[in-house]
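> The following block contains a protein sequence and its predicted model.
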Amino acid sequence: EVHDDSPIEEVRLTVPTTDNKDLPVLTLRTWVLGLSSCALLAFLSEFFMYRQNQIGLDSTLPQLGLLAVGRLMAATLPAKSLRIPWTGWKVSLNPGPFNIKEHALVMILASSGFSIPYASAVVPQMKVFYHREINPWAALLLIQTSQVMGYGFAGVFMKFLVDSPYMWWPATLVDVSTYRALHEVEVRQKGALTKIQFFAIVAVSSFAYYVVPNYFFPSITALSFACWIWKSSITAQQIGSGISGLGLGSIGLDWSTISMIGNPMANPAFATFNRLAGFILMLYVVTPLVYWRNVYNARRFPIFSPGTFDEAGGKYNISRVLDSKRFELDKSAYEEYSPLYMSAFLVVSYGFHFAALIATLVHVALYNGRSIWQQYKQASSSSSRSDDIHTRLMKNNYKSIPQSWFIVLLLMMLGLSILTVEGFGKQFQLPFVGILLACAMVFILLLPFGVLVATTGLVSLRSHRIN
Ligand SMILES: *[C@@H]1O[C@H](CO)[C@@H](O)[C@H](O)[C@H]1NC(C)=O
């Protein structure tokens with residue numbers, strides 16, 4: 001027997017090399033649970049986003065809840081078949097036990113409602129901050145087209161980012177472990193715990209611990225000793241505060257503070273340390289240099305703030321430079337009032353992000369360029385000889401979605417989004433070349449960033465909300 005497994009050790013340790021292709025997957029349960037939980041989660045995420053004190057939703061709760069509902073349906077529903085009217089199709093109400101594939105698919109459907117569409121921030125911002133009316137259809141189209149376009153792009157790059165055995169998506173392995181623990185029957189060895197027992201213990205204790213920092217003792221999010229010792233020193237607060245300063249010597253006992261640098265449980269150590277090095281360089285070397293050497297009068301502004309400021313150090317008054325009729329920047333008013341300033345941290349962080357953008361392109365070209373090129377040649381020559389075990393199982397057991405579907409979807413969304421920005425009285429003030437430029441950027445950046453996330457688990461581009 002030839003050793004036939006994934007080239008990545010973490011994958012070999014987590015993902016089985018067998019597949020039971022007879023498990024029912026697209027069952028009535030999958031559709032009912034998947035679609036309803038998607039709608040519910042989308043509503044909740046969007047609803048909670050507007051709270052001052054945001055409630056982050058975690059996927060663990062739906063993951064366990066849906067398993068319970070799925071098992072309940074399997075235990076109670078009769079094994080009858082329903083005939084779908086006007087088609088010859090029949091669906092079974094209860095095709096046996098709720099299986100691992102159904103569970104995973106339900107969660108995939110549910111979690112597509114989990115993240116809030118990026119464009120859905122635009123609409124309330126225009127209404128609340130700038131008091132502009134928007135055509136509801138235009139708003140709906142903007143959100144839908146920009147969101148669905150992402151699926152088109154994802155499909156176009158699928159063969160590089162999913163089919164390649166070297167793209168192993170570290171965070172996904174956490175899910176694989178969870179599903180296996182929840183579904184695989186395991187015999188308990190003497191003196192050892194089964195996966196599900198271990199999972200239950202960790203889940204209960206981490207929940208118990210989570211309640212403490214979040215409800216009873218929020219200050220352990222950052223224990224800033226310097227601030228307690230030098231209570232009235234501004235410099236000590238700037239250096240020592242873990243919330244609004246550099247956080248030197250400040251300790252966080254809250255997992256959300258720790259996982260700021262990506263999830264250290266899922267991501268490979270080299271990626272976490274790499275990120276830590278960048279963090280130290282940016283926060284403890286460059287930002288203090290910029291601030292205390294007073295570059296661009298940086299000391300007039302807070303060292304650490306997402307806000308925007310005017311020359312005198314006050315909050316920037318947007319209404320003074322906004323032409324309220326045309327809703328555009330009034331250049332002469334801007335020159336009269338003040339240039340726009342940001343905190344030292346924000347300036348440095350923008351600089352690092354732009355550098356990271358180009359660094360990513362160069363890194364991926366140098367380190368992954370060869371394997372991407374081979375993947376491309378192999379995919380276009382349609383010989384699947386050197387595929388790894390998992391890709392081969394997928395290819396042999398299931399039909400894949402034709403590339404052309406994704407391309408058609410992408411082109412349809414592109415056309416619709418151009419209609420959206422050019423129609424409706426040009427409410428979004430974006431010329432259609434803006435859409436084309438955005439698509440071109442995605443086309444250039446998606447592959448390198450996808451490779452980075454798929455191999456390190458880190459997402460390095462964060463959005464900064466500027467009020
Ligand atoms: C901002 O500018 C507008 C227009 O000049 C003025 O009416 C308003 O009072 C200013 N707001 C603040 C907070 O200074």
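Yep, that arrived.

> all contacts plus neighbour counts: C-alpha atoms, from now on.
Noted.

> which parts of the strand or helix carrying Gly152 are buried?
Here Gly152 is covered by helix 136-156, with elements defined by DSSP states H and E. Using 16 or more other C-alpha atoms under 10 Å as the test for burial, helix 136-156 gives 138-139, 141-150, 152-156.

> which parts of the stretch 251-400 of the chain sit against the ligand?
Residues of the stretch 251-400 of the chain lying close to the ligand (C-alpha under 6 Å from any ligand atom) are 317, 319-320.

> any idea which of those is least confident?
Lowest in pLDDT among these is Ser319, which has 88.

> my read is it is in a helix, agree?
Yes - under DSSP: H, G, I helix; E, B strand; the rest coil, Ser319 sits within a helix.

> Count the residues that sit near it.
Counted with other C-alpha atoms under 10 Å, residues neighbouring Ser319 total 11.

> So for Trp86, what's the pLDDT?
Here the pLDDT value assigned to Trp86 is 81.

> Checking it next. Helix, strand or coil?
Under the three-state scheme (three-state DSSP), Trp86 adopts coil.

> Kindly report the same for Pro97.
Using three-state DSSP, the structure places Pro97 in coil.

> give me the low-pLDDT residue ranges for this structure?
Along the chain, the model assigns pLDDT under 70 to residues 1-3, 52-57, 213-214, 256, 259-262, 379-387, 459-467.

> all strands of it, in order?
Assigned strands in the chain, in chain order: 81-83, 90-92, 223-224, 250-251, 308-309, 322-323, 328-329, 341-342 (criterion: DSSP state E).

> which other residues reach the first one?
Residues external to strand 81-83 that are found in contact with it (C-alpha atoms under 8 Å, 6 or more residues apart in numbering): 89-93.

> Indicate each strand paired with that strand and its parallel or antiparallel sense.
Take DSSP bridges as the rule and strand 81-83 pairs in its sheet with strand 90-92 (antiparallel).

> Please apply the same query to the third one.
According to DSSP bridges, strand 223-224 has the following sheet partners: strand 250-251 (antiparallel).

> what residues does the strand it pairs with touch?
221-226, 240-242.

> Show the buried residues in those.
Buried members of the contacts of strand 250-251, counted by 16+ other C-alpha under 10 Å: 221-226, 240-242.

> State the number of residues packed around Ile251.
The number of residues packed near Ile251 is 18, by other C-alpha under 10 Å.

> Next, work out how far apart it and Gln237 are.
Distance, Ile251 to Gln237, using C-alpha to C-alpha, to the nearest Å: 14 Å.

> again with Ala68
48 Å.

> Could you do Lys395 as well?
To Gln237, Lys395 is 58 Å away according to C-alpha to C-alpha.

> Gly191 too?
Relative to Gln237, and taking C-alpha to C-alpha, Gly191 is found at 50 Å.

> before we move on, back to that, return the closest of the contacts of strand 250-251 with respect to Asn263.
Nearest to Asn263 out of the contacts of strand 250-251 is Thr221 (C-alpha to C-alpha; 16.6 Å).

> isn't the closest one right up against Asp254?
Yes - contact criterion C-alpha atoms under 8 Å: Thr221 and Asp254 qualify, at 5.0 Å.

> about what we covered before: helices - which of the buried ones among the contacts of strand 250-251 land there?
Judged by DSSP state H, these include 225-226, 240 as members of helices.

> Need the buried ones among the contacts of strand 250-251 in CSV (columns: distance to the ligand).
Below are these laid out as CSV (distance: C-alpha to the nearest ligand atom, whole Å):
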residue, distance to the ligand
Thr221, 32
Ala222, 32
Leu223, 34
Ser224, 32
Phe225, 35
Ala226, 33
Gly240, 30
Ser241, 28
Gly242, 29
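
> okay, among these, which ones form the most distant pair?
With C-alpha to C-alpha as the measure, no two of those lie farther apart than Thr221 and Ala226, at 15.1 Å.

> What is the longest helix along the chain packed up against?
Taking DSSP H as the criterion, the chain has its longest helix at helix 344-381. Packing contacts for helix 344-381, counted by 3 or more C-alpha pairs under 8 Å, 6 or more residues apart in numbering; DSSP states H and E, involve helix 158-161, helix 287-292, helix 432-456.

> quick one: the last one to chain centroid distance?
In other words, helix 432-456. 15 Å (C-alpha atoms, centre = their mean, to the nearest Å).

> got the contact list for it?
The contact list for helix 432-456 (C-alpha under 8 Å, 6+ apart) reads 153, 157, 160-161, 166-170, 267-268, 271, 360-361, 364-365, 414, 417-418, 421-422, 458-459.

> Grab the nearest non-local neighbour of Leu26.
Excluding its sequence neighbours, the residue lying closest to Leu26 (C-alpha to C-alpha, 6 or more residues apart in numbering) is Glu102, at 7.3 Å.

> I'd like to know how many residues surround the one you found.
Quick note: Glu102 (other C-alpha under 10 Å) scores 24 neighbours.

> list the contacts for it?
Contact analysis of Glu102 by C-alpha under 8 Å, 6+ apart lists 24-27, 29-30.

> Just those: which are in helices?
By the criterion of DSSP H, membership of these in helices covers 29-30.

> From Val174, how far out is Asn263?
11 Å.

> Tell me if I'm right that Ala139 and Pro124 touch.
No - Ala139 is not in contact with Pro124 according to C-alpha under 8 Å; the separation is 9.8 Å.

> Give the closest residue to the residue in the stretch 151-300 of the chain that the ligand sits nearest to in space, chain neighbours not counted.
Proximity of the stretch 151-300 of the chain to the ligand (C-alpha to the nearest ligand atom) peaks at Arg300, 17.9 Å away. The shortest distance from Arg300 to any non-neighbouring residue, by C-alpha to C-alpha, 6+ apart, is to Gly313 (5.4 Å).

> So the one you found versus Thr287, what's the distance?
Using C-alpha to C-alpha, we find Gly313 at a distance of 18 Å from Thr287.

> So the two - more neighbours on which side?
Comparing Gly313 with Thr287 by other C-alpha under 10 Å, the one with more neighbours is Thr287, at 23 against 16.

> Contacts only, for the more buried one.
Residues near Thr287 by C-alpha under 8 Å, 6+ apart: 344-345, 348.

> can you put those in CSV and add neighbour count?
Shown next, in CSV, are the contacts of Thr287 (neighbours: other C-alpha atoms under 10 Å):
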residue, neighbour count
Ala344, 27
Phe345, 24
Val348, 18
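
> Can you tell me what sits against stretch 111-123?
Applying C-alpha under 8 Å, 6+ apart, the contact partners of stretch 111-123 are 38-42, 45-46, 59, 134, 139, 142-143, 146-147.
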